[in-house]
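In: below are the sequence and a predicted model for it; my questions follow.
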Amino acid sequence: MNSPAPLLAALRTSRHLAVLTGAGISAESGVPTFRDALAGLWARYDPMALATRAAFQRDPKLVWEWYAWRRRLVSQVTPNPGHYALADLAQRVPRLTLVTQNVDGLHQAAGSPEVIELHGNLGRVKCFDEDRIINGWTETGEVPPRCPDCGGWLRPDVVWFGEALPRAALAAAFAAAEGCDLFFSIGTSAVVEPAASLPRMAAERGALLVEVNPETTPLSDAASWSLCGPAGLVLPALLAAAWP
Ligand code: BV8
């Protein structure tokens, strides 16, 4: 895979590199991307309809079990070379801000020192009514389990459609988009807001924009470079070319 010389130079001289990842970077680990997160058991549901408060209130057992299925799946997979390349990259540039839309924790598992999780994490559970993290509860066989404090339903600590993103995470992500000189959008369909605005904001402020995706997306036209291929191949090759 030929890495454009100007991109290699931009990587080597970057003062602040920002990265936004989406489900595509976890695809090679065996985690279905969001749009096909319904492979198999869930083929008959629309994820956009399941990942909402209304869906949970309508059928808390179904939504809890969808996330329990995804949590079990993620617990059985490992980071892939794309995740490891980003962890390596953090050691090679003066400043790297890694922002992810993913809820699988694979960047942390690959050793990325700081990960900004815009949409929460499958591994955390919170009380639906109190909106606070619950670390332990009594399993009674009831699904979803109940909050030990208020008896309300427990839910995954992820951001559903129509819910606000965690304020601090979003502020840090916007600050990185405004301050970076190089922005990578990796493995995302660049549709869901406000995450999808980050790469555009960076480009509008003069950062060079790189997209890593085997397919084109609504962002592709705004990218200085579109590296068409799987992140697990493209990212290691890029680092090897920039720092032989
Ligand atoms: C908000 C966590 C406001 C849960 C997710 C109407 C009503 C309400 C809201 C809206 C509305 N219209 C628009 C909105 C805004 C809405 C939105 O953007 N909707 C979209 C559909 C237009 N956004 C929201 O609702 C957000 N909240 O706006 O709140 C507010 C403000 C204040 C107070 C109250 C409310 C919340 C959005 C977050 C939703 N949660 N995830 C869960 O995981 O179950 S979103 C989920 O889908 C992901 O986290 C991700 O963000 C998103 C998109 O997925 P991607 O990561 O891009 O994955 P996808 O499958 O789409 O694409 C994969 C890509 O990888 C592809 O391009 C593929 O080609 C590529 N690929 C494949 N293999 C590889 C690869 N790339 C590289 N290598 C490979 N090997």
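Out: Structure received.
In: ranges for the helices of this structure?
Out: For the chain, the helices defined by DSSP state H cover 5-13, 24-27, 47-50, 53-58, 60-75, 81-92, 106-109, 167-179, 197-204, 231-242.
In: distance to the ligand, mean pLDDT and mean neighbour count added to those, as TSV?
Out: From N, CA and C alone the C-beta is placed, and that goes for glycine too. Output for these, formatted as TSV (distance: least, CB to the nearest ligand atom, whole Å; pLDDT from 0 to 100; neighbours: other CB atoms under 10 Å):
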stretch	distance to the ligand	mean pLDDT	mean neighbour count
helix 5-13	17	97	14
helix 24-27	2	96	26
helix 47-50	6	84	16
helix 53-58	10	97	15
helix 60-75	7	94	17
helix 81-92	6	98	20
helix 106-109	13	98	22
helix 167-179	10	98	16
helix 197-204	10	98	20
helix 231-242	4	97	20
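In: got the domain boundaries for the chain?
Out: 1-31+79-119+165-244, 34-76+124-158 (automatic domain parsing).
In: can you dump the C-alpha coordinates of stretch 25-35 into CSV?
Out: What follows is stretch 25-35 as a C-alpha-only set of coordinates in CSV (Å, rounded to 0.1, in the frame of the first residue of the first chain):
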residue,chain,number,x,y,z
ILE,A,25,-11.9,-0.3,13.3
SER,A,26,-13.3,-3.1,15.4
ALA,A,27,-14.7,-5.0,12.4
GLU,A,28,-11.4,-7.0,12.0
SER,A,29,-11.6,-8.0,15.6
GLY,A,30,-14.9,-9.7,14.8
VAL,A,31,-17.2,-7.1,16.2
PRO,A,32,-20.1,-6.4,13.7
THR,A,33,-20.3,-2.8,12.7
PHE,A,34,-23.2,-0.8,14.0
ARG,A,35,-25.3,-1.2,10.9
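In: enumerate the positions of it that are buried.
Out: For stretch 25-35, a neighbour-count test (16 or more other CB atoms under 10 Å) marks 25-29, 31-34 as buried.
In: nearest to residue 159, of these?
Out: For the buried residues of stretch 25-35, the residue nearest residue 159 by CB to CB is residue 34; the value is 12.5 Å.
In: how much space between the closest one and residue 184?
Out: 19 Å (CB to CB, to the nearest Å).
In: got the end-to-end distance for stretch 6-21?
Out: 22 Å (CA to CA, to the nearest Å).
In: what about it, distance to the chain center?
Out: Offset of stretch 6-21 from its chain centre (CA atoms, centre = their mean, to the nearest Å): 19 Å.
In: how about stretch 102-117?
Out: The gap between where stretch 102-117 is centred and where its chain is centred comes out at 8 Å by CA atoms, centre = their mean.
In: got the contact list for the residue sitting furthest away from the middle of the chain?
Out: Within the chain, the residue lying farthest from the chain centre (CA atoms, centre = their mean) is residue 140, at 32.4 Å. Counting by CB atoms under 8 Å, 6 or more residues apart in numbering, residue 140 touches residue 146.
In: tell me the pLDDT at it?
Out: Residue 140 is assigned a predicted lDDT (pLDDT) of 93.
In: quick check: it vs the ligand, distance?
Out: The gap separating residue 140 from the ligand is 25 Å, by CB to the nearest ligand atom, to the nearest Å.
In: the lengthiest strand in the chain versus helix 167-179: what angle between them?
Out: Secondary structure of the chain per DSSP state E: the longest strand is strand 120-127. If you take axes from the mean of the first three to the mean of the last three CA atoms, to 10 degrees, strand 120-127 sits at 160 degrees to helix 167-179.
In: and for strand 120-127, what's in contact with it?
Out: 67, 70-71, 74, 103-105, 132-135, 137, 147, 149-150, 152-159, 166.
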